[in-house]
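A.B. asks: Sequence plus predicted model, see below.
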Amino acid sequence: MNQLQPQPHIKDLQPYRPGMPIEHLAEKYNLNPKDIIKLASNENPRGMSPKIAQNASSLLNEAARYPDGQALLRSLADRYNINAENVILGNGSNDILDLVARVFLGRNTKAISSQFGFSVYQLLTHLTGAENVIVDALNHGYDLETMAAAITTETCVIWIANPNNPTGTFISANDIRLFLSVVPKNIIVVLDEAYYEYLDPKIQSNSTEWINEFPNLVITRTFSKAYGLAGLRVGYGMANKEIIKLLNRVRQPFNVNGPGIKAASIALEDTAFVSESYQCNQAGLLQLMHGCDQLDLLYLPAFGNFLTVEFANAALVNEALLRCGIIVRPLLEYGLPSYLRVSVGSPEENDRLLDALKGVVRL
Ligand SMILES: Cc1ncc(COP(=O)(O)O)c(C=O)c1O
């Protein structure tokens with residue numbers, strides 16, 4: 001039989017590994033899917049704004065036609081006091097990251113990311129044939145000084161998640177601005193703010209105001225996390241209009257689906273739901289941290305909707321939790337074999353996790 005001939009850089013590429021699906025675990029250990037809780041993908045345990053369910057039929061009506069994102073682009077631009085030309089919609093914010101990689105990276109170029117940074121950055125960089133330059137983490141977060149020092153004439157993109165996934169670390173607005181001011185303006189800096197809405201408003205940056213000042217800045221945000229729409233796949237990027245024009249050249253026509261656009265438009269207006277989600281997440285983080293303190297477990301600083309917890313034997317604890325019907329996220333592939341990342345669940349789910357941990361923590 002003829003051998004398939006993928007491009008050389010595809011041969012050693014590993015696909016992105018999502019959190020284990022509930023059905024998969026149910027089958028593996030013969031569990032009732034209803035008894036399984038999934039705290040592995042940083043989803044919103046409150047679901048989505050009830051206003052979306054109230055408009056379910058109008059969402060479905062969108063499914064028969066090709067989608068049009070103009071109204072959502074304008075609403076986002078109004079929300080952030082920028083122009084619609086500064087915004088682009090994506091099939092999740094992941095799509096925007098992919099567009100950036102395809103427009104600005106390729107053979108003989110390099111992208112800088114951080115050790116323990118979101119894994120998609122390295123995957124996308126590799127996919128374009130560009131080289132990954134991975135800077136050692138500082139206290140599990142970004143060492144911006146060393147990242148700036150790693151810039152060479154071949155650098156085309158710098159990837160930063162703030163807060164970071166999977167370590168949950170946070171960089172202050174001042175530090176990011178300082179970094180932006182030293183990066184040459186021909187190098188794209190991606191500031192991935194997927195967890196922005198989960199930040200205490202007191203430390204939220206006004207990063208959208210920076211896109212006029214820094215023509216090389218791309219901010220990405222998403223409706224997947226605090227807005228609770230992970231399954232509908234809607235994210236967006238904000239940048240100087242010249243960058244947005246370039247990203248639009250490679251964007252697939254109709255990359256975001258109509259029901260998703262409609263749901264995101266409703267979700268954007270329901271600011272009460274988002275601030276309640278923030279409050280619930282703060283309470284959930286406190287609940288998890290308190291429980292871990294009682295079990296003498298150490299964890300990293302948490303600025304997103306998850307807690308990254310250290311164990312003497314994380315692999316065994318993970319396996320034991322799976323047998324109890326609890327899915328969390330092992331971080332072996334991130335080079336963090338002694339950590340598990342736990343998404344904040346509902347108060348009951350958090351309790352169930354902490355109860356289960358009591359039995360398995362010393363494994
Ligand atoms: C840091 C970060 N960026 C981007 C994404 C992609 O999210 P989405 O494509 O659902 O917007 C995630 C998802 O977990 C994330 O953690």
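C.D. replies: Thanks, I have the structure now.
A.B. asks: distance of Arg233 from Thr125?
C.D. replies: 22 Å (Cβ to Cβ, to the nearest Å). Where you see a C-beta, it was placed from the backbone N, CA and C, and this is true even at glycine.
A.B. asks: So which of those two has more stuff around it?
C.D. replies: Neighbour tally, Arg233 and Thr125, criterion other Cβ atoms under 10 Å: the higher count belongs to Thr125, 25 against 20.
A.B. asks: Check which helix or strand the closest residue to the more buried one other than its chain neighbours maps to.
C.D. replies: Spatial nearest neighbour of Thr125, excluding adjacent residues (Cβ to Cβ, 6 or more residues apart in numbering): Ala111 at 4.2 Å. Here Ala111 sits within strand 110-114, counting by DSSP states H and E.
A.B. asks: got it, and Lys262?
C.D. replies: Following DSSP H and E, one finds Lys262 within helix 258-269.
A.B. asks: And the helix or strand following that helix, what's buried?
C.D. replies: For helix 258-269, the following helix or strand on the C-terminal side (DSSP H and E) is helix 271-294. Within helix 271-294, the residues scored as buried using 16 or more other Cβ atoms under 10 Å are Phe273, Val274, Ser277, Tyr278, Cys280, Asn281, Gly284, Leu285, Gln287, Leu288, Gly291, Cys292.
A.B. asks: contacting residues around helix 271-294?
C.D. replies: Contact with helix 271-294 is made by 44-46, 48-51, 197-198, 200, 226-228, 267, 298-299, 302, 305, 307, 309, 342, 344-347, 350-351, 353-354, 357, as judged by Cβ atoms under 8 Å, 6 or more residues apart in numbering.
A.B. asks: So which of those residues reach the ligand?
C.D. replies: Among the contacts of helix 271-294, not one lies near the ligand by Cβ under 6 Å from any ligand atom.
A.B. asks: Buried only: go through those residues for me.
C.D. replies: Among the contacts of helix 271-294, those buried by neighbour count (16+ other Cβ under 10 Å) are 44-45, 48-49, 197-198, 226-228, 267, 299, 302, 305, 307, 309, 342, 344-345, 350, 353-354, 357.
A.B. asks: among those, which are in strands?
C.D. replies: Among the buried ones among the contacts of helix 271-294, DSSP state E puts Leu307, Val309, Val342 in strands.
A.B. asks: Tell me how far the second one lies from Ile37.
C.D. replies: Here the distance between Val309 and Ile37 works out to 16 Å (Cβ to Cβ).
A.B. asks: Likewise for the last one?
C.D. replies: Counting by Cβ to Cβ, the gap between Val342 and Ile37 amounts to 11 Å.
A.B. asks: again with the first one
C.D. replies: Computed as Cβ to Cβ, the Leu307 to Ile37 distance reads 15 Å.
A.B. asks: need the contact list for Leu307.
C.D. replies: When contacts are counted by Cβ under 8 Å, 6+ apart, Leu307 touches Gly168, Leu285, Leu288, Met289, Cys292, Tyr299, Leu300, Arg341, Val342, Val344.
A.B. asks: Asn206: neighbouring residues, count only.
C.D. replies: 9.
A.B. asks: Apart from its neighbours in sequence, what residue is nearest it?
C.D. replies: Nearest-residue entry for Asn206: Ala173, 7.2 Å, with adjacent residues in sequence omitted and distances by Cβ to Cβ, 6+ apart.
A.B. asks: Over to Tyr227?
C.D. replies: Of all residues not flanking Tyr227 in the chain, Ala267 sits nearest, at 4.4 Å (Cβ to Cβ, 6+ apart).
A.B. asks: correct me, but the one you found touches Leu229?
C.D. replies: Yes. Using Cβ atoms under 8 Å, Ala267 is in contact with Leu229, at 6.1 Å.
A.B. asks: Now the common contact residues for these two.
C.D. replies: Jointly contacting Ala267 and Leu229 under the rule Cβ under 8 Å, 6+ apart are Met48, Ile52, Phe223.
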